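Chemist: The sequence and its predicted three-dimensional model are supplied below.
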Amino acid sequence: MKFLRKKRVFALLLVCFVLVLFMNSNFIGRKLYPIYYEQEIRQSAAKHNIDPFLIAAIIRVETNYKHHLESRKGALGLMQLMPDTADWIAESTNLEPHSPEDLLKVDVNINLGSWYLSWLEKHYNGNLIYAIAAYNAGQGNVNKWKQAEVWDGTVERIDQIPFGETRHYVQRVIYYYDKYKKLYTDTDRWENKEALD
């Protein structure tokens, strides 16, 4: 009899726990899809007028928030910037000269990467999909695909991207971008870009 009562209490507690989980599903989602370096992301997003969730999605796909990584090709830091690209960004923005080691610093890397992402979005007249692809494959390749009408820059035709790595990259960035927008948009700290400075 006591065992049966304990079993019922346990079942009731389990049902209550499951209900609380469903009511706070964004809480669980935020635990599964965290965003690190929020302050640096928000500041760079506001400074360069780019969606912070897009920056977070790029970082998630590039390095999963591991700031010390270097790729086989030599890309550095959270947003995996090539030193040559970082030099071009610094020259274009009149930023102070930096060393490749500086690209491993979270704030420097996010600032330069966010500026570049914003520049790519403007370069492609607001087409984020082209910008995301160019962040991975380089603007030269994306410009060729665009001019040759190989790919029209739409989500529906991502399968036409000639590079498998870039196809997969764009799909993953879009996935995380949508996931972050859904999970974090209702939180005060992400809602007002003007208040992020």
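Modeler: Ah, there it is.
Chemist: okay, T185: pLDDT?
Modeler: Here, the pLDDT recorded for T185 equals 84.
Chemist: so L13, which of the three states?
Modeler: For L13, the reduced secondary structure class is helix; criterion used: DSSP: H, G, I helix; E, B strand; the rest coil.
Chemist: Tell me the pLDDT of it.
Modeler: 72.
Chemist: quick one: it and I174, what's the gap?
Modeler: 39 Å (Cβ to Cβ, to the nearest Å). Bear in mind the C-beta positions are built from the backbone N, C-alpha and C, glycine included.
Chemist: residue ranges with poor pLDDT in the protein?
Modeler: Scanning the chain for pLDDT under 70 picks out 1-4, 9, 15-25, 97, 187-197.
Chemist: in the protein, which spans are helices?
Modeler: Secondary structure of the chain, counting by DSSP state H: helices at 2-23, 25-32, 38-48, 52-63, 83-93, 106-123, 128-137, 139-147, 164-184, 188-191.
Chemist: Could you dump those helices into JSON lines with mean neighbour count and distance to S71 added?
Modeler: Shown next, in JSON lines, are the helices of the chain (neighbours: other Cβ atoms under 10 Å; distance: least, Cβ to Cβ, whole Å):
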{"stretch": "helix 2-23", "mean neighbour count": "10", "distance to S71": "38"}
{"stretch": "helix 25-32", "mean neighbour count": "12", "distance to S71": "26"}
{"stretch": "helix 38-48", "mean neighbour count": "19", "distance to S71": "21"}
{"stretch": "helix 52-63", "mean neighbour count": "25", "distance to S71": "9"}
{"stretch": "helix 83-93", "mean neighbour count": "15", "distance to S71": "11"}
{"stretch": "helix 106-123", "mean neighbour count": "22", "distance to S71": "13"}
{"stretch": "helix 128-137", "mean neighbour count": "24", "distance to S71": "11"}
{"stretch": "helix 139-147", "mean neighbour count": "16", "distance to S71": "17"}
{"stretch": "helix 164-184", "mean neighbour count": "18", "distance to S71": "12"}
{"stretch": "helix 188-191", "mean neighbour count": "13", "distance to S71": "29"}
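Chemist: Reformat those as CSV; add distance to I158.
Modeler: Shown next, in CSV, are the helices of the chain (distance: least, Cβ to Cβ, whole Å):
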stretch, distance to I158
helix 2-23, 32
helix 25-32, 24
helix 38-48, 24
helix 52-63, 14
helix 83-93, 23
helix 106-123, 17
helix 128-137, 8
helix 139-147, 12
helix 164-184, 6
helix 188-191, 26
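Chemist: which one of the ones you listed lies closest to G153?
Modeler: Nearest of the helices of the chain to G153, taken as Cβ to Cβ: helix 128-137 at 4.3 Å.
Chemist: before we move on, back to that, out of the helices of the chain, nearest to S99?
Modeler: Closest among the helices of the chain, once you apply Cβ to Cβ, is helix 83-93, at 8.9 Å.
Chemist: which residues touch the closest one?
Modeler: 74, 76, 81, 95-98, 100, 103, 112, 115-116, 119 (Cβ atoms under 8 Å, 6 or more residues apart in numbering).
Chemist: Of those residues, just say which sits nearest to K6.
Modeler: For the contacts of helix 83-93, the nearest to K6 is L76 (57.0 Å; Cβ to Cβ).
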